[in-house]
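Chemist: this one's sequence-less:
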């Protein structure tokens with residue numbers, strides 16, 4: 001499989017490369033807090049790869065919000081991904097390898113990426129290949145899990161086969177890379193599932209092949225037209241393999257031709273930037289920070305100024321730089337929104353759980369009465385029996401006038417204890433109705449942002465007995481404690497903590 005094939009891990013920068021007037025490396029996306037957006041998912045969904053946590057399991061913000069009717073608790077922004085689409089052989093794998101600065105995917109025409117092998121195994125291949133950072137949490141990406149649930153069967157029987165590998169480059173700390181097989185767009189159900197992911201990914205990058213005409217098929221343009229209706233600001237177009245076009249006039253002509261085709265299809269213009277076709281050697285040289293310092297022509301060696309060599313490389317690969325910048329901006333926006341949302345959701349969930357906890361009876365409020373009832377009944381019966389047999393056991397020398405008095409006192413105590421026993425048996429029902437009223441009052445006074453409702457779980461626990469009340473109280477205390485930890489984590493991530 002692709003995920004098991006050996007890969008070459010290359011460093012992002014090279015010591016001393018950024019001195020002496022040469023250009024610095026492009027910054028990694030989200031360099032300040034690159035993994036926070038990924039870690040936000042765990043606070044809401046629980047451990048990765050296990051689906052949405054169920055109510056009753058370990059607390060998460062979503063399960064606490066659902067269980068306590070805090071309707072304002074909503075999922076966080078999804079992780080950022082660059083969704084790469086294009087025709088077969090247009091250079092999608094080369095773009096991803098160059099972006100990640102690792103040899104992750106097979107090159108077109110290679111032993112694993114040859115056209116014949118692709119046709120032979122086309123039916124068994126997943127519709128996309130997902131690349132993540134090696135520092136990302138284990139398990140399937142949240143976006144892929146939700147898409148597989150929304151479109152069953154669209155990603156094959158096992159969606160985990162869509163994971164094609166991981167990259168050690170810091171460029172992928174906050175961004176995933178998704179390559180779409182061109183053949184997958186031919187199936188309407190799969191195309192719809194891919195469009196669902198694309199509208200939530202963050203960046204949709206379409207590669208037009210400069211070495212084929214037309215550069216984009218009508219099928220691909222139709223799919224892009226559907227996606228652009230939902231996410232017009234995240235759509236980018238690049239013209240691939242521009243390093244193979246040697247004449248500047250040909251580059252201008254091809255760019256204008258692709259721009260015109262896109263404008264005619266989508267009804268609006270897009271800036272089309274070039275990207276080079278990076279093979280294994282180019283990826284290696286870029287990752288190591290090496291550049292050609294001399295060229296040989298006709299047996300003669302000429303020195304090439306580094307600034308000139310890099311400016312030419314930048315002009316041919318400006319599409320990659322634009323995609324990186326757009327991904328960085330998107331990650332920063334989603335991180336800012338996610339942190340603000342985390343605080344509001346944690347406060348709402350904590351308030352809802354505290355309101356339920358306040359609606360529960362105090363510990364021991366019903367335990368004492370329930371425990372005393374059998375004892376009171378036993379003592380009452382014993383006193384009644386004693387009053388009945390008292391005349392038979394009392395001595396004859398005892399004053400006859402005291403016997404009726406003793407019997408009346410014993411019968412009176414028996415009746416009193418019997419009434420107390422019946423009062424203890426009716427206490428939990430009365431307390432249950434009082435608990436419902438106090439829960440409604442707590443909901444009215446709560447500022448959690450969600451309606452606590454009628455606290456049916458509180459009433460059910462009180463009716464079930466002291467054990468259920470204590471279990472619910474313990475669960476609510478765990479939820480309040482989890483929400484406080486989430487708020488503490490927010491303070492740490494946002495820099496508000498001391």
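Modeler: Alright, I've got the coordinates. All figures in this text were calculated on a predicted structure; none of them were measured in a lab. Numbers count the residues shown, from 1 in each chain.
Chemist: use CA for all of it now, contacts and neighbours both
Modeler: OK.
Chemist: isn't residue 352 right up against residue 70?
Modeler: Yes: assessed by Cα atoms under 8 Å, residue 352 is found in contact with residue 70 at 6.2 Å.
Chemist: ok, the two, which is more surrounded?
Modeler: Between residue 352 and residue 70, counted using other Cα atoms under 10 Å, residue 352 has the larger neighbour count: 31 against 26.
Chemist: mind listing the strands for this protein?
Modeler: Along the chain, counting by DSSP state E, strands occupy 80-86, 128-133, 163-167, 175-180, 202-209, 235-240, 272-274, 294-297, 300-303.
Chemist: can I get the ones you listed in JSON lines with mean neighbour count?
Modeler: Converted to JSON lines, the strands of the chain look like this (neighbours: other Cα atoms under 10 Å):
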{"stretch": "strand 80-86", "mean neighbour count": "25"}
{"stretch": "strand 128-133", "mean neighbour count": "23"}
{"stretch": "strand 163-167", "mean neighbour count": "22"}
{"stretch": "strand 175-180", "mean neighbour count": "25"}
{"stretch": "strand 202-209", "mean neighbour count": "26"}
{"stretch": "strand 235-240", "mean neighbour count": "25"}
{"stretch": "strand 272-274", "mean neighbour count": "22"}
{"stretch": "strand 294-297", "mean neighbour count": "10"}
{"stretch": "strand 300-303", "mean neighbour count": "10"}
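Chemist: looking at these, which one has the lowest mean pLDDT?
Modeler: Lowest mean pLDDT of the strands of the chain: strand 294-297, a mean of 68.
Chemist: list the contacts for residue 482?
Modeler: 59, 60 (Cα atoms under 8 Å, 6 or more residues apart in numbering).
Chemist: and it, how far from residue 488?
Modeler: 10 Å (Cα to Cα, to the nearest Å).
Chemist: I'd say residue 238 and residue 215 touch.
Modeler: No: Residue 238 lies out of contact with residue 215 (Cα under 8 Å); the separation is 10.7 Å.
Chemist: between the two, which contacts overlap?
Modeler: Looking at what touches both residue 238 and residue 215 (by Cα under 8 Å, 6+ apart), the common residues are residue 208.
Chemist: look up the closest residue to residue 374, ignoring the ones flanking it.
Modeler: Counting by Cα to Cα, 6 or more residues apart in numbering, residue 374 lies nearest to residue 421, which is 7.5 Å off, once chain neighbours are set aside.
Chemist: let me see the contact set for the one you found.
Modeler: 372, 373, 374, 376, 377.
Chemist: which strand residues bridge residue 167?
Modeler: residue 133 (DSSP bridges).
Chemist: that one and residue 131 touch, don't they?
Modeler: Yes: counting by Cα under 8 Å, residue 167 does reach residue 131; the two are 7.2 Å apart.
Chemist: what's the closest non-adjacent residue to residue 38?
Modeler: Residue 38's closest residue in space is residue 79 (Cα to Cα, 6+ apart), at 6.3 Å.
Chemist: ok, how many other residues are close to the one you found?
Modeler: Residue 79, neighbours per other Cα under 10 Å, totals 25.
Chemist: and the pLDDT for it?
Modeler: Residue 79 is given a pLDDT of 89.
Chemist: with residue 44 instead?
Modeler: 91.
Chemist: same question for residue 30.
Modeler: On the pLDDT scale, residue 30 is placed at 39.
Chemist: just the buried members of the contacts of residue 421?
Modeler: 373, 376, 377 (16 or more other Cα atoms under 10 Å).
Chemist: so what's the last one up against?
Modeler: Contacts for residue 377 (Cα under 8 Å, 6+ apart) come out as 417, 418, 421.
Chemist: one more: the second one?
Modeler: Applying Cα under 8 Å, 6+ apart, one finds that residue 376 lies in contact with 417, 418, 420, 421.
Chemist: also residue 480?
Modeler: The contact partners of residue 480, taken as Cα under 8 Å, 6+ apart, are 349, 350, 353, 354.
Chemist: just those: which are in helices?
Modeler: By the criterion of DSSP state H, membership of the contacts of residue 480 in helices covers 349, 350, 353, 354.
Chemist: how much space between the closest residue to residue 235 other than its chain neighbours and residue 404?
Modeler: Spatial nearest neighbour of residue 235, chain neighbours left out: residue 204 (4.8 Å); criterion: Cα to Cα, 6+ apart. Residue 204 is 98 Å from residue 404, where distance means Cα to Cα.
Chemist: sorry, back to before: who wins for proximity to residue 463 among the strands of the chain?
Modeler: Evaluated over the strands of the chain, closeness to residue 463 peaks at strand 80-86, with 47.8 Å, by Cα to Cα.
Chemist: what's the spacing between that closest one and its chain's center?
Modeler: 18 Å (Cα atoms, centre = their mean, to the nearest Å).
Chemist: now for it, which elements pack on it?
Modeler: helix 92-100, strand 175-180, helix 188-201, strand 202-209, helix 318-359 (3 or more Cα pairs under 8 Å, 6 or more residues apart in numbering; DSSP states H and E).
Chemist: thank you, goodbye.
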